[in-house]
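Enquirer: my questions are about this predicted structure, shown below with the sequence.
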Amino acid sequence: VQVEESGGGLAQPGASLRLSCTVSGRTLHYYPIAWFRQAPGKERVVVATISWSTTYTYYSNSVKGRFTISKDNSKNTVYLQMNNLRPEDTAVYYCAGRSLRYGETSLDPVDYDYWGQGVQVTVSS
């Protein structure tokens, strides 16, 4: 399974970015996916998750109301739309998936089996 993230970069406070996570070697339709982020000197933490059915989504309190996770099964791609970005959103963002078919999402990174290489998001004026 290969995971490729894209869409990161430098943004001003209040701006928007959309991250993409394209998976090859696995049909995302049946598996839960999550976005994590890791700021310098800090632990990797969950940002958002989406269930395999897309019925359930989760957002950390720090991004709730600003970020939206979605999945396009036809493109085998998961997105993270990030609006109203703040300097504290600066981090490396990772897409991760679980190998348990029809499995539940998790907030713990150790429960995820495959990861992308990460994409840098920097929010600064």
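Expert: Sure thing, it's come through.
Enquirer: can we go C-alpha only for contacts and neighbour counts from here?
Expert: Fine.
Enquirer: who are the neighbours in contact with the residue positioned nearest the centre of the chain?
Expert: The centroid of the chain falls nearest to residue 35 when counting by C-alpha atoms, centre = their mean (2.3 Å). Applying C-alpha atoms under 8 Å, 6 or more residues apart in numbering to residue 35 gives the contacts 46-49, 80, 93-96.
Enquirer: just those: which are in strands?
Expert: For the contacts of residue 35, the ones inside strands are 46-49, 80, 93-96, with DSSP state E as the criterion.
Enquirer: quick one: which of those is the most crowded by neighbours?
Expert: Neighbour count (other C-alpha atoms under 10 Å) singles out residue 95 as the most crowded of those, with 31 neighbours.
Enquirer: tell me what that one is bridged to.
Expert: Beta-bridge pairing for residue 95 (DSSP bridges): residue 35.
Enquirer: my guess is it meets residue 115, correct?
Expert: Yes - judged on C-alpha atoms under 8 Å, residue 95 makes contact with residue 115 at a distance of 5.8 Å.
Enquirer: shared neighbours, these two?
Expert: Jointly contacting residue 95 and residue 115 under the rule C-alpha under 8 Å, 6+ apart are residue 3.
Enquirer: please report the distance of the nearest residue to residue 18 once chain neighbours are set aside from residue 64.
Expert: With C-alpha to C-alpha, 6 or more residues apart in numbering as the criterion, residue 18 has its nearest non-adjacent residue at 4.4 Å, and that residue is residue 81. Noted for residue 81: a distance of 12 Å to residue 64, by C-alpha to C-alpha, to the nearest Å.
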